[in-house]
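Visitor: Sequence first, then the predicted structure, then my questions.
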Amino acid sequence: MNNRGRILIADDEETFLQATADLLRREGFTVGTAADAPSALGAVRDGDYDLVISDLEMPGNEDLRLVRDLAIEAGGLPVIIITGFPSTESAIASIDLPVAAYLR
């Protein structure tokens, strides 16, 4: 199967992380995983990702820290934020950042 792109998934919920990674791999994507924001930032520095899918509530991601750091480190890298805990504040904050989608 052809590689459809490289995606990094950052989430501290192991079941979601692995299930989503497996699903995307079956669809032909190369997928990396990280369990917290610092690990995700390191993976982006070391890799060549086309997209980051990030949990909102995970270690090291206070005040959308990961997305803010990615904007500096890898400007233009699209980020999809996923959360089980949406808030008006985080949705509004993501507007000024390279967030392609905010999913709840």
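Guide: That came in fine, so what should we check first?
Visitor: what element comes up after the helix or strand of the chain with the lowest mean pLDDT heading to the C-terminus?
Guide: Within the chain, confidence by mean pLDDT, DSSP states H and E is lowest for helix 88-95 among all helices and strands, at a mean of 83. Later in the chain than helix 88-95, the nearest helix or strand by DSSP states H and E is strand 99-103.
Visitor: which of the residues in that next one are buried?
Guide: 99, 102 (16 or more other C-beta atoms under 10 Å). In this view, the C-beta of every residue, glycine as well, is placed from N, C-alpha and C.
Visitor: And for stretch 66-78?
Guide: Buried residues in stretch 66-78 (16+ other C-beta under 10 Å): 66-71, 74, 77.
Visitor: Which ones among those residues lie within helices?
Guide: 66-71 (DSSP state H).
Visitor: Just give me the closest of these to residue 44.
Guide: Distances from residue 44 to those, taken as C-beta to C-beta, are shortest for residue 70 (6.3 Å).
Visitor: Hmm, that closest one is touching residue 42, no?
Guide: No - applying C-beta atoms under 8 Å, one finds residue 70 not in contact with residue 42, separated by 11.6 Å.
Visitor: re the thing from before, can you redo the ones in helices among the buried residues of stretch 66-78 as a markdown table with pLDDT and distance to residue 28?
Guide: Putting these into a markdown table (pLDDT from 0 to 100; distance: C-beta to C-beta, whole Å) gives the following:
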| residue | pLDDT | distance to residue 28 |
| --- | --- | --- |
| 66 | 93 | 26 |
| 67 | 91 | 26 |
| 68 | 91 | 31 |
| 69 | 93 | 29 |
| 70 | 91 | 24 |
| 71 | 88 | 28 |
